[in-house]
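Enquirer: Sequence plus predicted model, see below.
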Amino acid sequence: MSAINPSSATVAAEQAAMAVWTPEHVRALAGLRHDSASLITDSDVVRVAPDLDIWDAWPVQDADGTPSALPGGKTLWMALGAPCFDDPDERHGHARIHLILRDATGWHPLGPAMPDGFAPGSREWSGSALLAADRRTVTLYFTATGRRGEAALTFEQRLFCADATLDGAYRLTDWRNLREFVVRDPAHYMASDAGSGAVGTIKAFRDPAYFRDPRDGRHHVFFAASLADSASAFNGCIGWATARNDTLADWDIRPPLISADGLNNELERPHVVMLGGLYYLFWSTQRHVFNPDGPTGPTGLYGMVSDRIDGGWRPLNGTGLVFANPDAAPKQAYSWLVLPDLQVISFIDAWGSDGSDANARRFGATFAPMLRLQVQGDAAGLETDG
């Protein structure tokens, strides 16, 4: 992959375009009403399989972001999966990307998406998947965490992609073209293995989310990252890269779009949806990864909006918060993904608990009920009945 050296003026312009999510934005939440998801109940917890925990999920999508329509109204999805553990946090050290078929009767697990020994990491973390116009070639963008065969798990994260063939049985075969398609730029992004391995302190270079800009047809990925040269342990940011052409063979990494420096450690699974001529950039974050010395927001879906993709981002609702988990179950769901039709998918996390019982670890490990957004300009929230 040959390097393109942008002019100093271009670099300065891109750096100046970085939006900042500030403590003032989050502090404003104290005086405002915000939307909350409905409480998850027993009837909502329908496992995909008794011996499989799943969490972060995404569809095999068309270039416009919609889940690819397969014969019979079926859609194909991917989700992180692992065996069931007494401590749900252990799942992160065993994560594989699983293939899941969705039809009118529900969700049907099809096993790991990639064959054993193919991915270069010791674990597979979140990404996105694109079905080509031939309706047979799937490109998976994913996070390779650690290194295959490492004796002790590390938290190095690298952005890889690979191609596969979708067969008539909804399986992915002939995996090929494995490549590290975006390489970290140390001038802007901190090494992902620089933090500790404790939950909430891990640094980021993960979660590549594909987006094709309908305005000019250019291809981008957005990813969760950590700012280089920060004085704060809470240095989360959102980065991006752009393909040089339609072959998607070569990508240029770009300076961060959004910074939460000093405020928040993890702006996870960032992704873009375009509506009404505006770009909406969404991410998920949790209360415990906010800087405890400043204002903290609830676990929820956050976002910014802009009339252009390369800058001008401003927090939705003036605060960034789109909606949160309910107060009665502040950790009930996580990892929200907004689809182009404004449906929102997530997974059930610690449901049915207000968090007062430290021993309550009710990990749902399955898909949460679908939500739907309503957006208008700089405002976004949950769709309400009537």
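Expert: On my side now, so go ahead. Numbering: from 1, shown residues only.
Enquirer: Got phi/psi on the closest residue to D62 other than its chain neighbours?
Expert: Once flanking residues are discounted, D62 sits nearest to S68: 5.2 Å by Cβ to Cβ, 6 or more residues apart in numbering. For every residue, glycine as well, the C-beta is placed using N, CA and C. The phi/psi pair for S68 (degrees, to the nearest 10) reads phi -60, psi 130.
Enquirer: residues in contact with S68?
Expert: 59-62, 75-76, 131, 135 (Cβ atoms under 8 Å, 6 or more residues apart in numbering).
Enquirer: Any regions of this structure where pLDDT drops low?
Expert: 1-16, 355-361, 385-386 (pLDDT under 70).
Enquirer: what residue lies at the spatial centre of it?
Expert: Geometric centre of the chain, nearest residue: R269, 1.6 Å, by Cα atoms, centre = their mean.
Enquirer: isn't there a helix covering it?
Expert: No: counting by DSSP: H, G, I helix; E, B strand; the rest coil, R269 is not found in a helix; it is strand.
Enquirer: quick one: it and Y334 touch, right?
Expert: No: R269 is beyond contact range of Y334, at 9.4 Å (criterion: Cβ atoms under 8 Å).
Enquirer: Redo the contacts of S68 as a markdown table? Include distance to L263 and neighbour count.
Expert: Conversion of the contacts of S68 to a markdown table gives the following (distance: Cβ to Cβ, whole Å; neighbours: other Cβ atoms under 10 Å):
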| residue | distance to L263 | neighbour count |
| --- | --- | --- |
| P59 | 31 | 21 |
| V60 | 34 | 23 |
| Q61 | 31 | 24 |
| D62 | 35 | 17 |
| T75 | 36 | 17 |
| L76 | 37 | 23 |
| L131 | 37 | 21 |
| R135 | 43 | 12 |
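Enquirer: which ones are touching the nearest residue to A69 once chain neighbours are set aside?
Expert: Spatially, and ignoring its direct neighbours in sequence, A69 is nearest to T75 (6.8 Å; Cβ to Cβ, 6+ apart). If you count contacts by Cβ under 8 Å, 6+ apart, T75 has them with 59-60, 67-69, 101-102.
Enquirer: Among those, which one sits closest to A260?
Expert: P59 (27.1 Å; Cβ to Cβ).
Enquirer: What strand or helix carries the closest one?
Expert: strand 53-61 (DSSP states H and E).
Enquirer: next one: that strand to chain centre, how far?
Expert: 10 Å (Cα atoms, centre = their mean, to the nearest Å).
Enquirer: If you count contacts, what does that strand end up packed against?
Expert: Using 3 or more Cβ pairs under 8 Å, 6 or more residues apart in numbering; DSSP states H and E, the elements in contact with strand 53-61 are strand 75-82, strand 96-103, strand 123-131, strand 333-338, strand 343-348.
Enquirer: I'd like to know which of these lies nearest to C237.
Expert: Here strand 123-131 is closest among these (Cβ to Cβ), at 16.8 Å.
Enquirer: Check which strands are paired with that closest one and give the direction for each one.
Expert: In the sheet, strand 123-131 lines up against strand 53-61 (parallel), strand 137-145 (antiparallel) (DSSP bridges).
Enquirer: For it, C-alpha coordinates in PDB please.
Expert: Taking Å, rounded to 0.1, in the frame of the first residue of the first chain, the C-alpha atoms of strand 123-131 are listed here in PDB:
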ATOM      1  CA  ARG A 123     -10.000 -12.900  19.100                       C
ATOM      2  CA  GLU A 124     -12.400 -11.300  16.600                       C
ATOM      3  CA  TRP A 125     -14.100  -8.100  17.600                       C
ATOM      4  CA  SER A 126     -16.700  -5.900  15.900                       C
ATOM      5  CA  GLY A 127     -16.900  -4.700  12.300                       C
ATOM      6  CA  SER A 128     -19.300  -4.600   9.300                       C
ATOM      7  CA  ALA A 129     -20.000  -6.600   6.200                       C
ATOM      8  CA  LEU A 130     -20.800  -5.600   2.600                       C
ATOM      9  CA  LEU A 131     -22.500  -7.700   0.000                       C
END
